[in-house]
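>>> Give me a 3D structure for the following:
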Amino acid sequence: MNKNRNLLIIVLIALVNMLGYGIIIPILYAYSKKYGLTDFQNGLLFSMFSICQFISTPIIGRLSDKYGRRPMLILSIAGTTASFFLMAFAPNAAFLFIARAIDGLTAGNIPVAFAVISDSTKPEERAKAFGFIWAALNFGFVFGPAIAAFTVGLNQALPFIIAGIITLIATLITAFYLPETNKHMGEIKNKKLIDLPRLWHTLFDKDLGPIFIITFVFFLAFSCALLYGFQPFTMKVLKVTQSQNALLFTVFGIIGLISQTFLVGFVSKVLGLKKAFSTSMIFTSLAFLIMFFSRSIPVFVIGMLILGLFNNIVQTLIPTILSRETDEKSQGSIMGLNASYQSVGMIFGPILGGITASFAITMPFITGSILVLVCFFLSFRVLRPGIKKESAF
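Take a look at the predicted model:
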């Protein structure tokens, strides 16, 4: 019973985490514009969260090993709550940056939530439990933009207030109902929290380097074109409202949910893992190209639909391929390194989007298309016969 309660609370945390993210991302560009930010400054604002998250996530994870999961989860969700309310009532642009920094610095709730699941379940039960968390994350990204779509027209700050209230409730539930699950507090060795030299050298590993480079470049492209380039383009070229923008993100989330639930397994089975990976890259690049040339909402939505289907296949297959290319003892270390490359890509992607949008509002899409095409050619270097071996990682 206690394990079921823990799982329920953790699923709620995952849902809240992505719900809040889904609420603010579709409207953040337009909201920040009223504070007078340029496209480049907006790119920095979008990156602020990822920069702080990259620094804080390993620290919060390590502190949860040493001092417990519960206090770190409470701190993390409370930080997100504070950031949403600060965004809603920010008196000037500086407070927007402070709010995104606070959210990033306390953004270790999902890794710690995974640790709670590991603490609370048997190994054979974890796949199912993690599946519930990923489902919650997907549902959050579907309903978050929908909430934004129906509330932003009433008041621009209202979606942030709603996100703040939702996360405040999650904070209270965690504080009052989640027990401490870490039974090995303090039993950790002192290691570097962020090992930058190791992060650099792994890019040149002949076996794993190509997939790590793909992760970095792909998420650089994704955050440049979609997380940043999407909103300036739809508002300035397609002339959509904030509510319509949020609805477009909702559609993207629904397509992504369908893709992860039904399409990934089918495509991988029919084409094989490697061919499915490469093919999905081509279609993702094509989707950004269609969005680059689109000047009407129907054409743009076609690009979004293709992106929603195949981008999610790529993101799902990256960890799948990594798990095939390394030995069983190194799985955790390799996935951690991959998450770091993803974070770095999402730090520089919005900045790249802001810079390119300063030259032409459509440039983030063509930039993303070219970068994903680079990933396509790199994909031929993964899953080569006989490379799975004892890893030094």
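
>>> Please name the nearest non-neighbouring residue to residue 44.
Spatial nearest neighbour of residue 44, chain neighbours left out: residue 351 (6.3 Å); criterion: CB to CB, 6 or more residues apart in numbering. Using the backbone N, CA and C atoms, a C-beta is placed for each residue, glycine as well.

>>> surely the one you found meets residue 47?
Yes: contact criterion CB atoms under 8 Å: residue 351 and residue 47 qualify, at 5.2 Å.

>>> So between the two, which is more surrounded?
residue 47 (24 against 21; other CB atoms under 10 Å).

>>> Next one: that one from residue 59, what distance?
Residue 47 is 19 Å from residue 59, where distance means CB to CB, to the nearest Å.

>>> which residues touch residue 107?
Residue 107 sits next to 49, 52, 53, 56, 57, 60, 76, 79, 80 when contact means CB atoms under 8 Å, 6 or more residues apart in numbering.

>>> Quick check: the farthest pair among those residues?
49 and 60 (14.4 Å; CB to CB).

>>> where does residue 319 land on pLDDT?
pLDDT, residue 319: 75.

>>> Secondary structure element for it, which one?
Secondary-structure assignment from DSSP states H and E places residue 319 in helix 297-324.

>>> Apart from its neighbours in sequence, what residue is nearest residue 149?
Residue 149 sits nearest to residue 246 (CB to CB, 6+ apart), 3.6 Å away.

>>> so how many other residues sit close to the one you found?
Neighbour count for residue 246, taken as other CB under 10 Å: 28.

>>> hang on, the earlier thing: how about the contacts made by the residue nearest to residue 44?
Contact analysis of residue 351 by CB under 8 Å, 6+ apart lists 40, 43, 44, 47.

>>> out of these, which is most surrounded?
For the contacts of residue 351, the largest neighbour count, defined by other CB under 10 Å, is 30 neighbours, found at residue 43.

>>> In contact with that one: list those residues for me.
Counting by CB under 8 Å, 6+ apart, the residues that residue 43 touches are 228, 350, 351, 352, 353, 354, 355, 357.

>>> hmm, try it at 7 Å
228, 350, 351, 353, 354, 355 (CB atoms under 7 Å, 6 or more residues apart in numbering).

>>> Need these in TSV (columns: pLDDT and distance to residue 36).
Shown next, in TSV, are the contacts of residue 43 (pLDDT from 0 to 100; distance: CB to CB, whole Å):
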residue	pLDDT	distance to residue 36
228	85	18
350	90	18
351	90	19
353	91	19
354	87	15
355	90	19
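
>>> for the contacts of residue 107, which one is nearest residue 301?
Set against residue 301, the nearest of these by CB to CB is residue 49 (27.2 Å).

>>> Just give me the longest helix of this protein.
helix 2-33 (DSSP state H).

>>> before we move on, back to that, ok, so of the contacts of residue 351, who is nearest residue 302?
For the contacts of residue 351, the nearest to residue 302 is residue 43 (26.5 Å; CB to CB).

>>> what about the residue nearest to that closest one when sequence neighbours are not counted, helix or strand, and which?
Among residues not flanking residue 43 along the chain, residue 354 sits closest, at 2.1 Å (CB to CB, 6+ apart). For residue 354, the host element (DSSP H and E) is helix 331-359.

>>> tilt between that helix and helix 297-324?
Between the axes of helix 331-359 and helix 297-324, defined by axes from the mean of the first three to the mean of the last three CA atoms, to 10 degrees, the angle is 150 degrees.

>>> Now do the buried residues in the helix or strand just after helix 331-359.
Using DSSP H and E, the helix or strand that follows helix 331-359 in sequence is helix 363-378. Across helix 363-378, burial judged by 16 or more other CB atoms under 10 Å covers 363-369, 371-376, 378.

>>> so how far is helix 363-378 off the chain centroid?
Once both centres are worked out by CA atoms, centre = their mean, to the nearest Å, helix 363-378 turns out to sit 19 Å from its chain's centre.

>>> cool, stretch 352-362 as well?
Distance, centroid of stretch 352-362 to centroid of chain: 22 Å (CA atoms, centre = their mean).

>>> so what's residue 51 up against?
104, 347.

>>> typo on my end, it should be residue 47
Per CB under 7 Å, 6+ apart, neighbours of residue 47: 347, 350, 351.

>>> Which of the helices or strands spans the closest residue in space to the first one that isn't next to it in sequence?
I take that to be residue 347. In space, and not counting its chain neighbours, residue 347 is closest to residue 50: 4.4 Å by CB to CB, 6+ apart. For residue 50, the host element (DSSP H and E) is helix 39-67.

>>> Counting neighbours, which bits of that helix end up buried?
Within helix 39-67, the residues that count as buried by 16+ other CB under 10 Å are 39, 41-54, 56-58, 60-65.

>>> Check which element follows the helix or strand of the chain with the lowest mean pLDDT along the chain.
Ranked by mean pLDDT, DSSP states H and E, the helix or strand of the chain with the weakest confidence is helix 196-201, at a mean of 65. Remark: after helix 196-201, the chain's next helix or strand is helix 209-222, criterion DSSP H and E.

>>> got the angle between that following helix and helix 331-359?
Using the same axes, to 10 degrees, helix 209-222 lies at 40 degrees relative to helix 331-359.
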